[in-house]
Every structure is written in C-alpha cells, then in structure tokens.
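A.B. asks: got a predicted structure here, sequence first:
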Amino acid sequence: MSAKWKKGVGIVAVVLIGIWLFGGKVYECVRGPMEGSHRVTVEEGDFQVTLSSEKEIYTVGEDLQVSGSITYTGVKPFSKVYHKGIMFIHFIRGIDHEYEKGFFYREPLVSSYLFRDVSHREDFGFAQPYVQLPPGKYSIEVVTDFWIKDDPRSEVAIPIQIEIEVVE
C-alpha cells in the first residue's frame, strides 16, 4: 500500500469514528438568541434558557417572531441530551381575555449535543394562519423538554415566559 492510500484510509477512519462518537443530532451552533428588543433569561443548574421576541407590540395578522435558546454552562465540554423533535414545549395564553394554545411535538426520542457556552436556538412557528391573535395582551410560556440521560427521571424542565401585546 502506498503512503497516500494509508493516509486517506486514516482520515476516513477518523471521520467515521467521529460520526460514531457524536452520533446524535448536532444542532446548528452558530445562531445565538434572537437579537430582539424583548428578552428574558433564566439560569438553572448547568443550563441557561433565553426567550426572545423581536418586539413587544405586534399588529393583528403579523407573524410573531419568537425564539428560545438554551446554553449548556457546565464544566464538561458538552452535554448529551435526549428530547423529542424540539427541546421546548410552548404556549400562548391571553392575559386580559380568554385565549390558550399549546404546541407539543410527538416525535421519537433523539439525542443531541449541547456544547459548553454555545447557544442552541429554536424559532417558534407562531405564523399566520395557524396562530390568529385578536388584540390583547399575551403571555408566551416556554418549558424546556429534555433529559440528561436516556431516562425520563432525569428531565430538565425550566419554565420561562415573556409578555407581548397585539394591537389593531
């Protein structure tokens, strides 16, 4: 075997071992929390959760630009977590009137890696015509929905909320 061929086999082996070691879904890590004007952050244990809205006041019929982000802040280089399709359960509730809508996902359990001090962001699909909000004040509530081990008893549930207003 030539030296070039051996080097090529070595590179392929390293790549395959890397895929095997990090076989969970590695999230896009380049996007941090939304740079909105309305943001709340909560820290609990080894995790920091941020809920952001592009603005505090929306007009009727406008898509809500809301995102949640989670950052692992522990001492290890990364944390492997287990979750459904997304890591958040989210709700919209009326503050000054009757309105409630929850968003849940029934997908199989998957694994992902959260790298230390790197935010994982998820944009929530509060788009028209799926979410039609009449004028009023609303609470957007989000709860993390993941496990540190492949065991439901290790669930990490960190609640966070922001308030927005919809005007005509």
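C.D. replies: Right, received. Where do you want to start?

A.B. asks: quick one: low-confidence ranges for this structure?
C.D. replies: Along the chain, segments meeting pLDDT under 70 span 1, 5-6, 8-37, 104-107, 125-130, 150-152.

A.B. asks: make it 50
C.D. replies: 16-32 (pLDDT under 50).

A.B. asks: for it, which residue occupies the most central location?
C.D. replies: Geometric centre of the chain, nearest residue: E122, 4.0 Å, by C-alpha atoms, centre = their mean.

A.B. asks: now do the buried residues in the strand or helix carrying that one.
C.D. replies: Using DSSP states H and E, E122 sits in strand 119-126. Neighbour counts over strand 119-126 (16 or more other C-beta atoms under 10 Å) mark S119, H120, R121, E122, F124, F126 as buried. All C-beta spots, glycine's among them, are computed from the backbone N, C-alpha and C.

A.B. asks: can you pull out the helices in this protein?
C.D. replies: Listed in chain order, the helices of the chain (DSSP state H) span 3-21.

A.B. asks: in it, which strand has the most residues?
C.D. replies: strand 78-94 (DSSP state E).

A.B. asks: on that earlier part again, who does the strand holding E122 touch, helix- and strand-wise?
C.D. replies: If you count contacts as 3 or more C-beta pairs under 8 Å, 6 or more residues apart in numbering; DSSP states H and E, strand 119-126 packs onto strand 64-72, strand 78-94.

A.B. asks: that strand: how far from the chain's middle?
C.D. replies: 5 Å (C-alpha atoms, centre = their mean, to the nearest Å).

A.B. asks: okay, buried residues for stretch 88-106 please.
C.D. replies: Buried, per 16+ other C-beta under 10 Å, within stretch 88-106: F88, I89, H90, F91, I92, R93, G94, Y99, F103.
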